[in-house]
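1. here's my sequence, what's the structure:
(chains A, B, C and D)
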Amino acid sequence: MDFDFTEEQRLLKESVDRFIADRYEFEQRKSFAKNESGFAPENWKQFADLGLLAIPFAEEHGGFGGGPIETMIVMEAFGRGLVLEPYFSTVVLGGGLLRHAGSDAHKSELIAKIASGDLRLAFAHGERQSRYDLADVETRAKKSGANYVLEGEKSLVLNGDSADMLIVSARVAGDARDRKGIGLFLVDSNAKGVSRRFYPTQDGLRAAEISLSGVEVPAGRVLTEDGLPIIERVADEAIAALAAEAVGAMTEMHALTVDYLKTRKQFGVAIGAFQALQHRAVDMFVALEQARSMAMFATMMSAEDDAETRSRAISAAKVQIGRSAKIVGQGAIQLHGGVGMTMELKVGHYFKRATMIDVMFGDADYHLARLAEAGSLVA
Amino acid sequence: MDFDFTEEQRLLKESVDRFIADRYEFEQRKSFAKNESGFAPENWKQFADLGLLAIPFAEEHGGFGGGPIETMIVMEAFGRGLVLEPYFSTVVLGGGLLRHAGSDAHKSELIAKIASGDLRLAFAHGERQSRYDLADVETRAKKSGANYVLEGEKSLVLNGDSADMLIVSARVAGDARDRKGIGLFLVDSNAKGVSRRFYPTQDGLRAAEISLSGVEVPAGRVLTEDGLPIIERVADEAIAALAAEAVGAMTEMHALTVDYLKTRKQFGVAIGAFQALQHRAVDMFVALEQARSMAMFATMMSAEDDAETRSRAISAAKVQIGRSAKIVGQGAIQLHGGVGMTMELKVGHYFKRATMIDVMFGDADYHLARLAEAGSLVA
Amino acid sequence: MDLRFTDEELKFRDDVRAFFKDNLPPAIREKMKEGRHTSKDDLVQWTRILNKKGWAVSHWPKDYGGTGWTPVQQYIFLDELQQAPAPSPLPFGVSMVGPVIYTFGSDAQKKQFLPRIANLDDWWCQGFSEPGAGSDLASLKTTAKRDGDHYVINGQKTWTTLAQHADWIFLLARTDMAAKKQEGISFILVNMKTPGITVRPIVTIDGGAEVNEVFFDDVRVPLENRVGEENKGWDYAKFLLGNERVGIARVGVSKERLRRIRELASATTDHGRPLIELPRFREKLAAVEVELKALEMTQLRVVAAEAKRAKGKPDPASSILKIKGSEIQQVTTELLMEVVGPYALPYRQEHEEEKGWNEPPIGPDWASTIAPTYFNTRKVSIYGGSNEIQKNIIAKAILGL
Amino acid sequence: MDLRFTDEELKFRDDVRAFFKDNLPPAIREKMKEGRHTSKDDLVQWTRILNKKGWAVSHWPKDYGGTGWTPVQQYIFLDELQQAPAPSPLPFGVSMVGPVIYTFGSDAQKKQFLPRIANLDDWWCQGFSEPGAGSDLASLKTTAKRDGDHYVINGQKTWTTLAQHADWIFLLARTDMAAKKQEGISFILVNMKTPGITVRPIVTIDGGAEVNEVFFDDVRVPLENRVGEENKGWDYAKFLLGNERVGIARVGVSKERLRRIRELASATTDHGRPLIELPRFREKLAAVEVELKALEMTQLRVVAAEAKRAKGKPDPASSILKIKGSEIQQVTTELLMEVVGPYALPYRQEHEEEKGWNEPPIGPDWASTIAPTYFNTRKVSIYGGSNEIQKNIIAKAILGL
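-> Okay, here's the model as predicted:
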């Protein structure tokens, strides 16, 4: 058991932290958000330069050879910075699907482009009826000669607006909610038959509704014809990454709150002198540290090959993250009072992001039910 | 809508409150508890003199003609006094069954004896397997000529030790958990075939395990052959009464705690000066007042004839009482610190009684599930 | 003691309910149900319907247009109003400055303002809070210096709800700079069209802009716009804040909200099964219903006690109503978040629809207000005396700590 | 960073687990599982088994009989011990006075006491708390006045756990009456057989009598029984309290408890269905498991950080362990209450069995300890620095408030 980072990890952390400190002040972030795309292309370039876009890929494909810990380091820092760029969609989700489902040819072709910042991905998976059920796919992929033809509607596709390429899930066989027969397909965003409707999300990011109508996919663009186990694995990795991001956001919310308690004066004293407020800040701190522990646990367990063990651990982490985010986020707003309710302070932005992380890939209640059904965490 | 007591109710309240103040100081109570029976027969005599034992019975049978509000007044005061005498078993449970199931002949014969303090009752209903399911009765009543013969084991019979007469539930038909076919029988405690094992309960009261082996019950001692609706009704009335008792206990726990906060000094000041402790005392107060409101609601609704409406309301009250009792009781112990953990202060006795009230007739979780299944409280 | 409504009270409830059913414009009802903001026009329209019926200022003394209802009737009226669900009359006029004017104002003020409040001819807003004051209201810094027969007002107010629509503002300002904290404050009525007033919206985390900062730069106000005596404004403010308790628990709002949750959870499926059928979801809902029923009974107890109390002396027990009422409102918004699930994500600009935006919604058509409602409802434990302040009040005034 | 146990650590865990499996007397294991109190003989027997293996004082320096294990190994050992479930070595000797003696004691004291602690030849108890002191430990009033080569001790201690079995007590007493609060206190070892000592049991709400008051009436103790310097006792006490953190979270105890809840809930039916099958019950259990897993990870983080810290300086983060650890312990006892249901009611006098009482139990044979365990476990958020004190520590030492 070893909680220390390797020298390489330490350097990575230093460089991401420096990027956040230098480039992601609240005012800077506001200016990035004003772009049409909702983020700053120059930051994406910088990610490429820093090697962040290459992190989880094998060195043989031009990657950095990192694992879940490296992703955790980046995502935690991004959570602190409230980073707007579509790193999660491209590297964690898209990159994850590519790593687990892609052929050598796919990897050779695409990873270099991702790493250089020339290719952004989005995962077009959710549908109107699917809620948090990863197997609930109705979009169809029909054979047509050597090609597949996709037909269906995808919903809540994160960063579906700025992605160059979509990874689309569609049924090659079976009915909605069958575990078998869900294929994964690489589709250019501008391909014929793809239409996209863009919109902002509550946390200032972007998503899209995507309609697929007679979209032709050549055989070389099929990642797999039985993708659910891979989707589940990548969802687990994604949850671990989101957990780290949430911990970053919570860390800042807590720090901002403690700072506010020290500086804000009422009735002639700093309000941090009031014991009831101190204790609430402590409750937030305890919740934060419990979340940090579970984000580490999720990071460690996201590499577990046994799907049941992995999914139990990931569900447990998502429960803790969701619950802690409520305690920390609601506490941060309450202790800030009225100004915490405004968009003028950063704390409300963190609160919104942490809240939205809860509804991604299943909220705390959903995962608690999943965990309760799956049996015990206590070995 | 009227929250005021009638003049008669006010007088009743005064007289019970005076009894508790004069006769139920903590030291006096300790001496009562040392009796073999666990209570003071002279108090029972006094109950008779004050008319408390006659409260819920019709005037034509020698009763006081009171209703749920009068019972609430008495039980709330008894909760404050931590009264040891078997009033609940005799008057609320036994009296309730007699009121709803007894013939005029039964009432004429028995109510006068109850009112004069010469007859104590216990309700022998629960069984080893039944948990909180009122329909789960396996004890059998077999016809034998004009008589019934009872055969079975009754468990957790409150005050089964000191009762002169038992009201026993037993199946005349059907299987365990059938709603039909549960009869109610009057059985002398010393009748042939009745054997009783006595024991104290956690809250310093008494109960008994009762074995029925070939117990003959003549036809005139049968209250009903289809008693479940009546048992359920009486259980609802009993829960309303226990809610009032719990409110009495919580009221005292809260008062003792606030008093302790004012008098106990640490670090040179009364600990009530610490805001975190003040706020916890406030949380207890809010929980107490919510419980008080629901005890009133239960009192009002316990007279409702529609069983579904009544049972929803009673379940809601039991949930609130159980939850409030935890908040108030655990808070009281915590704020008292170590001394709250000892039998030397009264607060721990209240805590134990309030805890035991939760496990009587279904705990908060049980009733929450029942309420959730029954639909909405919001009309 | 009889905790049921009397037959007369039940009849009254049915009448009120029927009136709301027949007279609340459907478009307004729909907005209220969906948690969208009502417009200024909506509120004016609805207030005038109420006023025509004589119900716009139901709790005022009869002389000034009130109804003479008992406290229980007032409670029933409010409960039914909230459950309709209908907008409440604008509180800044009806519940705040109105009672101050009819209690402490001059005859001229009464004549000028009260009927216009009842009919929402004047839109009022509240100028108490200042930046940096928060719960310590009396630390306000805005000044009103005499200059002939005028006050000249300088300073800044904040959290001024709906100031963007306002015709008038009532405010607290320091008229004696030398006096101690709570002394030297006066209560002044200011026409929002007076030169020197600037309103700046504050965007809140739900994306709305209901609250504002209001800046006063040498704003000249006639002396006769002061209510009551000079330097006694703090007394009037305390009176006003004591009156603010009416309906603070918002029981009717939460009842309506719970009904809506049940409705939406029946229409939302999880793994093919309606959410409402999941035992854990039903139990969470039931647990809130229990708390709400208890709160309603507690509120009725406070209402009954109020009938016997000296007027204008707030019951510290009403702090319980504020604490529990806000907790319940907040937890209902968390349940809504659980129902809407991933469709909490899309952000739809407020009033997009009114601006002619008519693309179909993302996900269910009720989804877009859920997350903003959750965010916005965090405020209910902050404003009107934060829950921490309420606990301080109970600790001191009731527990004697 | 690799949060998994190394192969060596896994091997160590298996060895420890196997040792406990083979060597913990079944009768003791059974008592632990059922939440009954172990007797003095039980603990002596078990400590000697551990001591024979060299594990009774595992965290002591090797020179005094310790093992030299890493912090992670120490953690694994404790976790397995708690899960066995086996009794922990008596903390008053092993974790409290032992480390004080080997750090500050004289050679004679080390020689006389340390081996007897490891073998539980001497049963120690703790004389810190006094009536009225509570969390304000330093306000103690017991005095030790010099009289020739003796101290004469007068005063009263309270909450003295298991003093009824004790051979020795370590206590704090005032040796300089003029000095300020934390000064003028000395740390003294007293043989319990010395004339003038009276032990009076305190009956607690669980019906047990584990704690006592200890009265000192002109108790004469040789000066050489003082540890370290005169009037420096507060420093040694602080050192001791800092060491008390080991295993404060009691993660292993809660793991074992959760396993037991699962077992009992499988054997308990509600309307004919095992309780463990009710989704709401499973979810409650799962929610506690999540908190416990998080706490275990947090504890391991503290353990890892401890390896790098200066010895004897307690990590304020350990206050998290105390807060969460006690909350989890308490909530597990509430789950047990839910499982046992109405059979929480019967009260069975402690040790009735040992007194030859052999009637069958009322209800399930495991039921009688449940309510007492629930009552008794209220103490874990009170003793060892109440959770309120822990929050003060975090607020000050970590958050800087």
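
2. how about the residues of the stretch 201-350 of chain C near chain D?
-> When proximity is defined as C-beta under 8 Å from any C-beta of the partner chain, the stretch 201-350 of chain C approaches chain D at C:278, C:279, C:280, C:283. The way it works is simple: take the backbone N, C-alpha and C, and place the C-beta from them, glycine included.

3. tabulate these in a markdown table, adding columns for pLDDT.
-> Shown next, in a markdown table, are these (pLDDT from 0 to 100):
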| residue | pLDDT |
| --- | --- |
| C:278 | 91 |
| C:279 | 90 |
| C:280 | 90 |
| C:283 | 95 |
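
4. wait, which of these is closest to chain B?
-> For those, the closest approach to chain B (C-beta to the nearest C-beta) belongs to residue C:283, at 4.4 Å.

5. just give the closest residue to that closest one, not the sequence neighbours.
-> Leaving aside its chain neighbours, residue C:283 sits nearest to residue B:372 (4.4 Å; criterion: C-beta to C-beta, 6 or more residues apart in numbering or on different chains).

6. what number of residues lie near that neighbour?
-> Residues within reach of residue B:372, counting by other C-beta atoms under 10 Å in any protein chain shown, total 23.

7. now it: which helix or strand?
-> Following DSSP states H and E, one finds residue B:372 within helix B:364-374.

8. residues contacting the residue of the stretch 101-250 of chain C found nearest chain B?
-> When scored by C-beta to the nearest C-beta, the stretch 101-250 of chain C has residue C:249 as its residue closest to chain B, at 11.7 Å. By C-beta atoms under 8 Å, 6 or more residues apart in numbering or on different chains, the residues touching residue C:249 are C:295, C:296, C:298, C:299, C:321, C:322, C:324, C:325.

9. 6 Å instead, please
-> Residues in contact with residue C:249 (C-beta atoms under 6 Å, 6 or more residues apart in numbering or on different chains) are C:295, C:299, C:321, C:325.

10. phi and psi next, for it.
-> The phi/psi pair for residue C:249 (degrees, to the nearest 10) reads phi -80, psi -20.

11. with adjacent residues omitted, what lies nearest to it?
-> Nearest to residue C:249 is residue C:325, by C-beta to C-beta, 6+ apart, at 3.5 Å.

12. and for the one you found, the neighbour number?
-> Neighbours of residue C:325 using other C-beta under 10 Å come to 24.

13. what about the chain, any weak spots by pLDDT?
-> Picking chain A for this. Flagging of chain A using pLDDT under 70 yields the residue ranges A:379.

14. oops, I was thinking of chain C
-> Along chain C, the parts satisfying pLDDT under 70 run over C:244-246, C:310-314, C:350-358.

15. quick one, longest strand in it?
-> strand C:211-222 (DSSP state E).

16. elements contacting the lengthiest helix in chain A?
-> In chain A, with assignment by DSSP state H, the single longest helix is helix A:228-263. In terms of contacts (3 or more C-beta pairs under 6 Å, 6 or more residues apart in numbering or on different chains; DSSP states H and E), helix A:228-263 is packed against helix A:68-81, helix A:95-101, helix A:275-301, helix A:307-336, helix A:346-358.

17. ok, then the element right after it?
-> strand A:265-266.

18. quick check: next helix or strand after that following strand?
-> Next along the chain after strand A:265-266, taking DSSP H and E as the criterion, comes strand A:269-270.

19. check the offset of that next one from the chain's centre.
-> 39 Å (C-alpha atoms, centre = their mean, to the nearest Å).

20. strands paired with that strand, and their directions?
-> strand A:265-266 (antiparallel) (DSSP bridges).

21. next step: the contacts of residue C:249 restricted to helices.
-> C:295, C:299, C:321, C:325.

22. can I get those residues in JSON lines with distance to residue B:199?
-> Below are the ones in helices among the contacts of residue C:249 laid out as JSON lines (distance: C-beta to C-beta, whole Å):
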{"residue": "C:295", "distance to residue B:199": "40"}
{"residue": "C:299", "distance to residue B:199": "44"}
{"residue": "C:321", "distance to residue B:199": "45"}
{"residue": "C:325", "distance to residue B:199": "46"}
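
23. if I've got this straight, residue A:362 is in a helix?
-> No: read with DSSP: H, G, I helix; E, B strand; the rest coil, residue A:362 is coil and lies in no helix.

24. please enumerate the helices of chain C.
-> Per DSSP H, chain C carries helices over the ranges C:7-23, C:26-34, C:40-53, C:71-83, C:91, C:98-104, C:107-118, C:233-243, C:251-267, C:279-306, C:318-340, C:370-376, C:387-393.

25. ok, the last one near chain B or not?
-> To tie it back to what came earlier, the one meant is helix C:387-393. Yes: under the criterion of C-beta under 6 Å from any C-beta of the partner chain, helix C:387-393 makes contact with chain B via residue C:391.

26. which residues touch that helix?
-> A:276, B:279, B:282, C:135, C:316, C:319, C:322, C:323, C:381.

27. the last one reaches residue C:326, doesn't it?
-> Yes: counting by C-beta atoms under 6 Å, residue C:326 is a contact partner of residue C:381 at 4.4 Å.

28. the residue of the stretch 51-200 of chain A found nearest chain B and residue C:375: what is the separation?
-> Of all residues in the stretch 51-200 of chain A, residue A:131 sits closest to chain B, at 21.5 Å by C-beta to the nearest C-beta. Remark: distance between residue A:131 and residue C:375 (C-beta to C-beta, to the nearest Å) = 22 Å.

29. those two: which is more packed in?
-> Higher neighbour count among residue A:131 and residue C:375: residue C:375, with 22 against 19, using other C-beta under 10 Å.
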